[in-house]
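1. Okay, here's the prediction I keep looking at, along with the sequence it came from:
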Amino acid sequence: MRRKIRALTAALAVSAAASASIASSAQAVPSKFWGVVPQAQPTPGQLERLKRGGVDSMRIPVVWPLVQASPGGAFDWSGVDSQVEDIARAGIEVLPFLSGAPEWAVPSVFVPGSHRTARAPRNLPASGAAASGWSAFVSAAVVRYGPGGTFWSEHPELPARPIRIWQIWNEANFKYFVARPSPAEYGKLLKLSFSAIRAVDPGAQLVLGGLFARPGEATFKVKPPQAYFATDFLDKLYRTTPGVKSKFAGVALHPYTSEFQQLEPDIEEFRAVLRRHHDSSKGLWITELGWSSMPRAGHDAFAKGPKGQVTQLKGAFGLFKRWQAKWRLKRIYWFSIEDAPRGVCNFCEGTGLFKPGFIPKKSWAAYVRFAGGRP
């Protein structure tokens, strides 16, 4: 009997130590550190499960052409409202990225090399009438969702979670989000956005749009460039935009890579650019990262199979925890919550933490252990 009691006591001690380890793991990183990116709008029940699992923040698109159909026309926030309402009700923070341009502001063109299957704005809405329209859209978003915003006054039953951090564009260094990437043009867009946002909320912060770390098109010898490496784009942004340092509080990276071991050199090189421009105090946001659980096949370097997806997640998150202070990591966002239908992108149908029907994968259990939640 005494041996059983001692064994039980030891087991309870181990269990308590493990629980304490999980709790300290979650507390060892900044608040709101653990994020996810949806490919479709989660249901309230799914959001509750994500919150229980330790998800602190959700990154969602706020797309200009979906909000304003005509020049000078009224803004239709109904689609964004629905997402913000459900996410806020679940107790999760929203990180919006503002992007896109309607045809009446910037013509769209076929993405080079996409065999006429994808379109993107020809350029960023950073000059002329497009710039005025963009500024009005950005300002209206802050009026709607910022402190004292009309959305919150219309929903007094919700816990007030005004948006104070805004991400500007998405992968501005890559042809699929602007057909002619330009660091100088992005600098102009950033300055426009800063003025529009701060005019409404002087305490708001801007984060650069997540830059794709190493797009293959950055090696193409074509003009105009179809893509830039994230390091080159950031370096040119500083060089072509005087005073840009004061316009953003953090930089963002999408370090998609075939193996998690490549994350360390990619992030070190990115931070080296900040040091060269005497801006190393800026925080780093990983606003997209993921691998697919689809079986290894062909040339898809992101397809790892179910076990491989878990291996990559654990390896990446382990690095993020280990080097959080050194890299000044503020947030990480796994892409994505649930698998997308076939054909959305080369790995979107397997990158979710959940299968269709919100069936959890082993990668969700691994995520939860890092985030300190409950599956």
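-> Now that the structure is in, tell me what you want to look at.
2. can you map out the strands along the stretch 251-375 of the chain?
-> According to DSSP state E, counting those that start in this stretch, the stretch 251-375 of the chain carries its strands in the segments 283-289, 329-335, 354-355, 359-360.
3. Would you mind giving these as CSV with distance to Gly113 added?
-> In short, each C-beta sits where N, CA and C put it, glycine included. Below are the strands of the stretch 251-375 of the chain laid out as CSV (distance: least, Cβ to Cβ, whole Å):
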stretch, distance to Gly113
strand 283-289, 21
strand 329-335, 23
strand 354-355, 31
strand 359-360, 35
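4. Can you lay out those strands as TSV showing distance to Gly318, mean neighbour count and mean pLDDT?
-> Formatted as TSV, the strands of the stretch 251-375 of the chain follow (distance: least, Cβ to Cβ, whole Å; neighbours: other Cβ atoms under 10 Å; pLDDT from 0 to 100):
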stretch	distance to Gly318	mean neighbour count	mean pLDDT
strand 283-289	13	23	98
strand 329-335	12	24	98
strand 354-355	22	17	98
strand 359-360	21	14	98
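5. closest to Arg161 out of those strands?
-> Comparing these against Arg161 with Cβ to Cβ, the closest turns out to be strand 329-335 (15.6 Å).
6. Confirm for me that Ile267 is in contact with Trp285.
-> No - Ile267 is beyond contact range of Trp285, at 11.6 Å (criterion: Cβ atoms under 8 Å).
7. list the residues that contact both of the two?
-> Common contacts of Ile267 and Trp285 (Cβ atoms under 8 Å, 6 or more residues apart in numbering): Leu253.
8. returning to what we had before: what's the closest of the strands of the stretch 251-375 of the chain to Val106?
-> Proximity to Val106 (Cβ to Cβ) singles out strand 283-289 among the strands of the stretch 251-375 of the chain, at 23.1 Å.
9. What helices and strands are in contact with the closest one?
-> Applying 3 or more Cβ pairs under 8 Å, 6 or more residues apart in numbering; DSSP states H and E, we find strand 283-289 packed against strand 34-37, strand 250-254, helix 263-276, strand 329-335.
10. make it 7 Å
-> Packing partners of strand 283-289 (3 or more Cβ pairs under 7 Å, 6 or more residues apart in numbering; DSSP states H and E): strand 250-254, strand 329-335.
11. With distance to Arg239 as extra columns, can I get those strands in CSV?
-> Shown next, in CSV, are the helices and strands packed on strand 283-289 (distance: least, Cβ to Cβ, whole Å):
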stretch, distance to Arg239
strand 250-254, 15
strand 329-335, 25
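12. So for Pro71, which of those strands sits nearest?
-> For Pro71, the closest of the helices and strands packed on strand 283-289 is strand 250-254, at 30.0 Å, according to Cβ to Cβ.
13. Dump the C-alpha coordinates for that closest one into CSV.
-> The C-alpha trace of strand 250-254 is given here as CSV (Å, rounded to 0.1, in the frame of the first residue of the first chain):
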residue,chain,number,x,y,z
GLY,A,250,6.9,46.3,-36.4
VAL,A,251,8.0,44.3,-39.4
ALA,A,252,6.4,41.1,-40.6
LEU,A,253,7.7,38.0,-42.3
HIS,A,254,6.2,35.0,-44.0
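14. one step back: to Cys348, which of the strands of the stretch 251-375 of the chain lies closest?
-> Closest to Cys348 of those, according to Cβ to Cβ: strand 329-335, at 8.4 Å.
15. How far off centre is the closest one?
-> Strand 329-335 sits 7 Å away from the centroid of its parent chain (Cα atoms, centre = their mean, to the nearest Å).
16. how about low-confidence regions in the chain?
-> 1-27, 298 (pLDDT under 70).
17. Kindly recompute the last result at 90.
-> For the chain, the stretches with pLDDT under 90 are 1-28, 112-117, 296-301, 341-348.
18. what residue is smack in the middle of it?
-> Thr287 (2.7 Å; Cα atoms, centre = their mean).
19. who's in contact with that residue?
-> Residues in contact with Thr287 (Cβ atoms under 7 Å, 6 or more residues apart in numbering) are Arg59, Gln167, Gly210, Ala252, His254, Tyr333.
20. count of neighbours near the closest residue to the second one other than its chain neighbours?
-> So the one you mean is Gln167. What sits nearest to Gln167 in space, not counting adjacent residues and going by Cβ to Cβ, 6 or more residues apart in numbering, is Phe97, at 4.0 Å. When neighbours are counted by other Cβ atoms under 10 Å, Phe97 registers 23.
21. Backbone dihedrals for Phe97, please?
-> Phe97 adopts backbone torsions of phi -110, psi 120, taken as degrees, to the nearest 10.
22. nearest to Ser193, of the strands of the stretch 251-375 of the chain?
-> Taking the strands of the stretch 251-375 of the chain one by one with Cβ to Cβ, strand 283-289 is closest: 16.0 Å.
23. Just the angle for the closest one relative to strand 250-254, thanks.
-> Counting by axes from the mean of the first three to the mean of the last three Cα atoms, to 10 degrees, strand 283-289 lies at 30 degrees to strand 250-254.
24. Can you show me the CA trace of strand 283-289 as CSV?
-> Extracted C-alpha coordinates of strand 283-289, given in CSV (Å, rounded to 0.1, in the frame of the first residue of the first chain):
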residue,chain,number,x,y,z
GLY,A,283,9.5,43.9,-33.2
LEU,A,284,9.1,41.0,-35.6
TRP,A,285,5.7,39.5,-36.4
ILE,A,286,5.5,36.1,-38.2
THR,A,287,2.1,36.7,-39.7
GLU,A,288,2.0,33.5,-41.8
LEU,A,289,3.8,30.2,-41.5
